[in-house]
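Just a sequence and a predicted model for now, questions to come.
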Amino acid sequence: MAGVKQSLSVDLAGVRFASPVVAASGCAGTGRELAGLADLRRLGGVVTRTLTFKPSRGWPGPRVAETASGIVTSVGLQNAGVRAFVAEDLPRLARAGIPVVASVGGASLQGYIRAASILRGERGIVGLEVYLSGPDEENEGLPFYSRIDRIAEVVGAVSRLSTVPVFAKLPALLPDLVPAARGCIRAGAHGLTLIDAVPGMAVDVQRLRPRLGAVVGGLSGPAIRPIAIAAVFRVAQSLPQVPVMGVGGIATAEDAVEFLLAGAWAVQVGTALIVNPSAPTEIAQGIARYLAAKGLTSPAGMVKVGLELFTAYGPESVVRIRSIAPVLLDLKLHDIPSTVERAARNAARLGVAMLTVHALGGEAMMAAAVRGATQGAEEAGHPLPAVAAVTVLSSLSGESLASPASLAFEARAAGAAGAVVSGEDVAVVREVTGEEFCLVVPGIRPAGSNGHDQLRILTPEEAVDAGADYLVIGRPITEANDPAAAARSILATIR
């Protein structure tokens, strides 16, 4: 659907980032470390260093060893404690307006619970990330991720306490990565972060001793990127409806695009920050250039989710598509006003940009849809969606039909933002409703293409010349051998 400016914003289970590039846990500290080196407001978001209930000094030094393809680190969970973060660092981040995902950890189940409890309801926290690679003192010091039931226990406890979405951070080298991921979601996690650092070690051959004070640390950087991409791909294939943040060796826009193509909804940048604090911003800009070069930005200002897709995949189809583009939910709601009001409320809670109702339902029903959409958007913290009233289907002939102009006028009186009208009705409807009323025109076919089951069709140029604000273009793009090229070609005719 043409007409809406595309953006890089993404939505992960209700966590909305202005950019799909987020600073990973650890390398950005609690945001204070980057404040003097990069503009935090230009980041999609920040994942804090892992916070524990009590202050922790972390592992002994040395803590960092450089390798030919990244770094091996063993910092431990050094932090001043979650209370200090809430009192000192969080207010500053909240004032900057940057979305904050707080990473929580502990040495026991109770440690996670206490840390998550303190963060509950804190302004500025948009999500929690559960760190699962630390030693579990209740399981002989083995990592929490060593047992799927333990992972589920910890993630479930944090999820039940949290008032914001929870993301479980998993390592790649699990024998049962996909079952572990599925267990996290069943326990209550809203999404996943893949992957944590890979176990690694470096030896000083001159001094005959390990380079790290803790001996074994975590390898990060370019060396682990293929491992991380494979993990993202495996999980995304099995759990396509689950938001995944990919992390591991991302230093360029091309690296990030690899993750996105493998199934990630967003990416985190870690080690690259040490070398270049502006890396996340530069990567986001590179992603935008890549999308533009591939013709994946402006041709589809909104993506339509109609009855066929919605009945096959349900609300998750809206959530997934909305992570990459605004959504027109075209269900043509038509029922008694109270039912339509509740349905519109539910649709708005999904974060759709526009939803349709049937104008033949009457002014009271359309007004109920506007009320429901307003309430749902406010409850979920989403922008108010436009309610568009469908006048007469473009698959019907013009004989013996209700007047589109009168239906559109009634829709405007009910508070609807616009109407769906055929191209041949645009001029007369515009005259009745005025310039501020949004007109959405379906049945668009490029010159010489198949009209399929549409009886009243226009070319894109004709519809725009007639005064259409939005064009709904489906099969000429989706059934083309190269959909992106078809969209670019259509866009070129109306620019």
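Looks like it came in fine.

residues near residue 187, how many?
Applying other Cβ atoms under 10 Å, we find 22 residues neighbouring residue 187. Backbone N, C-alpha and C define where each C-beta goes, glycine included.

Now for the residue nearest to it when sequence neighbours are not counted, how many residues are close by?
Using Cβ to Cβ, 6 or more residues apart in numbering and skipping residues adjacent in sequence, the residue nearest residue 187 is residue 156, 3.7 Å away. As a burial measure, residue 156 scores 18 neighbours (other Cβ under 10 Å).

And the pLDDT for residue 156?
If you check residue 156, the pLDDT there is 97.

The chain should start at 618 in everything you say after this.
Will do, 618 is the new start, and the previous item becomes residue 773.

hang on, isn't it packed against residue 805?
Yes. Between residue 773 and residue 805 a contact is recorded at 5.1 Å, counting by Cβ atoms under 8 Å.

burial count for residue 928?
For residue 928, the tally of surrounding residues (other Cβ under 10 Å) stands at 10.

For it, what is the enclosing helix or strand?
Assigned by DSSP states H and E, residue 928 falls within helix 924-930.

buried stuff in that helix?
926, 927, 930 (16 or more other Cβ atoms under 10 Å).

Please state the offset of it from the chain centre?
Its chain's C-alpha centre lies 20 Å from the corresponding centre of helix 924-930 when counted by Cα atoms, centre = their mean, to the nearest Å.

ditto for stretch 772-784
Between the centre of stretch 772-784 and the centre of its chain there are 18 Å (Cα atoms, centre = their mean).

mind checking the SS state of the residue lying closest to residue 812 once chain neighbours are set aside?
Excluding the flanking residues, the one nearest residue 812 by Cβ to Cβ, 6+ apart is residue 789, at 4.0 Å. Under the three-state scheme (DSSP: H, G, I helix; E, B strand; the rest coil), residue 789 adopts coil.

Could you tell me how far residue 625 is located from residue 639?
Remark: distance between residue 625 and residue 639 (Cβ to Cβ, to the nearest Å) = 12 Å.

Who has more neighbours out of those two?
Neighbour totals were compared for residue 625 and residue 639, and residue 639 leads with 29 against 18 (other Cβ under 10 Å).

Tell me the helix or strand right after the helix or strand containing residue 847.
Assigned by DSSP H and E, residue 847 belongs to helix 842-855. Per DSSP H and E, the first helix or strand lying C-terminal to helix 842-855 is strand 861-864.

From the contact counts, what lies against that next one?
On a contact count with 3 or more Cβ pairs under 8 Å, 6 or more residues apart in numbering; DSSP states H and E, strand 861-864 meets strand 808-811, helix 842-855, helix 870-879, strand 883-886.

Now do the buried residues in the second one.
Along helix 842-855, these residues count as buried under the neighbour rule (16+ other Cβ under 10 Å): 842, 844, 845, 846, 848, 849, 850, 851, 852, 853.

That one to helix 870-879, inter-axis angle?
30 degrees (axes from the mean of the first three to the mean of the last three Cα atoms, to 10 degrees).

Can you name every helix or strand that helix 842-855 contacts?
helix 794-804, strand 808-811, strand 861-864, helix 870-879.

Tell me where the model's unsure across the stretch 768-917 of the chain.
Where the stretch 768-917 of the chain drops to pLDDT under 70, the residues are 911-917.

switch to 90 and redo it
Flagging of the stretch 768-917 of the chain using pLDDT under 90 yields the residue ranges 789-792, 853-860, 878, 880, 882, 888, 890-895, 897-898, 905-917.

Please pull up the helix or strand immediately following the longest helix along the chain.
As assigned by DSSP state H, the longest helix anywhere in the chain is helix 980-997. Next in sequence after helix 980-997, counting helices and strands by DSSP H and E, comes strand 1003-1007.

where's residue 675 relative to residue 696, distance?
As defined by Cβ to Cβ, residue 675 lies at a distance of 8 Å from residue 696.

In terms of packing, which of these two has more residues around it?
The residue with more neighbours, out of residue 675 and residue 696, is residue 696; 23 against 15, by other Cβ under 10 Å.

so what pLDDT did that one get?
Reported pLDDT at residue 696 in the predicted model: 94.

Specify the beta-bridge partners of it.
Beta-bridge partners recorded for residue 696 (DSSP bridges): residue 673.

follow-up on the earlier one: out of the helices and strands packed on helix 842-855, which comes closest to residue 980?
Checking the helices and strands packed on helix 842-855 against residue 980 by Cβ to Cβ gives strand 808-811 as the closest, at 41.2 Å.

which other residues reach whichever helix or strand comes after that closest one?
Next helix or strand after strand 808-811 toward the C-terminus (DSSP H and E): strand 815-818. Strand 815-818 is contacted from outside by 684, 689, 788-790, 827, 829, 832-837, 840-841, 844, using Cβ atoms under 8 Å, 6 or more residues apart in numbering.

What residues sit buried inside stretch 930-945?
So, applying 16+ other Cβ under 10 Å, buried residues of stretch 930-945: 930, 934-945.

quick one: which of those is nearest to residue 1106?
Nearest to residue 1106 among the buried residues of stretch 930-945: residue 942, at 19.2 Å, using Cβ to Cβ.

How much space separates residue 1095 from residue 1103?
From residue 1095 across to residue 1103, the span is 9 Å (Cβ to Cβ).

And these two? Which one has more around it.
Taking other Cβ under 10 Å, residue 1095 and residue 1103 do not tie; residue 1103 has more neighbours (21 against 10).

pLDDT (mean, whole number) over the helix or strand containing that one?
If you go by DSSP H and E, residue 1103 is part of helix 1100-1111. Throughout helix 1100-1111, pLDDT has a mean value of 70.

Could you verify my assumption that residue 741 touches residue 717?
Yes. Using Cβ under 8 Å, residue 741 makes contact with residue 717 at a distance of 5.3 Å.

what residues are shared contacts of the two?
With contacts taken as Cβ under 8 Å, 6+ apart, the residues that reach both residue 741 and residue 717 are 707, 710, 711.

Name the next helix or strand downstream of the helix or strand encompassing the last one, please.
Under the criterion of DSSP H and E, residue 711 resides in helix 707-713. Next in sequence after helix 707-713, counting helices and strands by DSSP H and E, comes strand 717-721.

Doesn't residue 1036 lie inside a helix?
No. Secondary structure of residue 1036 (three-state DSSP): strand, not part of a helix.

residues touching it, list them.
Applying Cβ under 8 Å, 6+ apart, the residues contacting residue 1036 are 976, 1005-1008, 1021, 1024-1025, 1028-1029, 1046, 1050, 1054-1057.

switch to 6 Å and redo it
By Cβ atoms under 6 Å, 6 or more residues apart in numbering, the residues touching residue 1036 are 1006, 1008, 1025, 1028.

Double-check the second one against residue 1038; I have them as touching.
Yes. The pair residue 1008 / residue 1038 is scored as a contact, 5.1 Å apart, by Cβ atoms under 6 Å.

between those two, which one's more packed in?
residue 1038 (32 against 26).

ok, the more buried one to residue 1001 distance?
With the distance defined as Cβ to Cβ, residue 1038 ends up 22 Å from residue 1001.

what ranges do the helices span in the stretch 618-767 of the chain?
Applying DSSP state H, counting those that start in this stretch to the stretch 618-767 of the chain gives helices spanning 649-652, 699-701, 707-713, 726-736, 765-778.

domains for the protein, by residue range?
Structurally, the chain divides into domains by automatic domain parsing as follows: 627-910, 920-1111.
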